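[1] What follows is a predicted protein model with its sequence.
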Amino acid sequence: MTTPNLFLIYVTDVERSTRFYSELFGMAPTMVTPRYIPYEVSPGVLFALWSGRADQITDAPRTSEVGLMLPGGGAKVDKLFADWSAKGATVYQEPYDDVFGRTFVVSDPDGNLIRVSPTD
């Protein structure tokens with residue numbers, strides 16, 4: 001079976017996004033290049049920032065949603081929301097209860113959405 005192990009977020013300003021995700025997630029990238037910044041989020045699994053090819057000419061809107069599932073239920077989701085709000089994250093949706101549990105959504109500087117929800 002082939003398992004996905006690289007998850008890319010498209011960004012327009014690599015330095016700004018590197019600062020944002022390093023602070024938000026509390027981790028440092030595994031390496032830094034001018035257009036590609038990977039974070040090892042689990043052994044062998046990378047979450048990476050990507051500005052695109054060097055010869056890319058057009059500015060196509062490229063946004064997506066990343067999910068972060070936390071153990072510990074709704075209380076942990078609410079605590080992380082408070083922590084990220086204190087760090088100045090742009091809130092897209094405040095915490096609410098959905099079919100899969102407590103959730104909230106923030107966005108990064110490029111408008112990519114980051115959804116947090118519980119694993120249980």
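    All right, it came through fine. Residues are numbered from 1 along each chain as shown.
[2] what residues go with each domain of the chain?
    Domain ranges of the chain: 1-53, 64-120, per automatic domain parsing.
[3] contact partners of stretch 74-94?
    The contact list for stretch 74-94 (C-beta atoms under 8 Å, 6 or more residues apart in numbering) reads 23-24, 70, 95, 97, 101-109, 113-114, 116-118. Quick note: C-beta positions are derived from backbone N, CA and C, even for glycine.
[4] repeat that with 7 Å
    Around stretch 74-94, the neighbours that count as contacts under C-beta atoms under 7 Å, 6 or more residues apart in numbering are 23-24, 70, 95, 101-107, 113, 116-118.
[5] And these, which of them are buried?
    L24, L70, P95, R102, T103, F104, V105, V106, S107, V116, S117, P118 (16 or more other C-beta atoms under 10 Å).
[6] I'd guess the first one is in a helix, am I close?
    What that stands for is L24. Yes: using DSSP: H, G, I helix; E, B strand; the rest coil, the assignment for L24 is a helix.
[7] Flag the shaky bits of this protein, pLDDT-wise.
    1-2, 53-63, 120 (pLDDT under 70).
[8] Pull out the buried positions in the strand ranked longest in it.
    What stands out as the longest strand in the chain, according to DSSP state E, is strand 90-98. Under the neighbour-count criterion of 16+ other C-beta under 10 Å, strand 90-98 has P95 buried.
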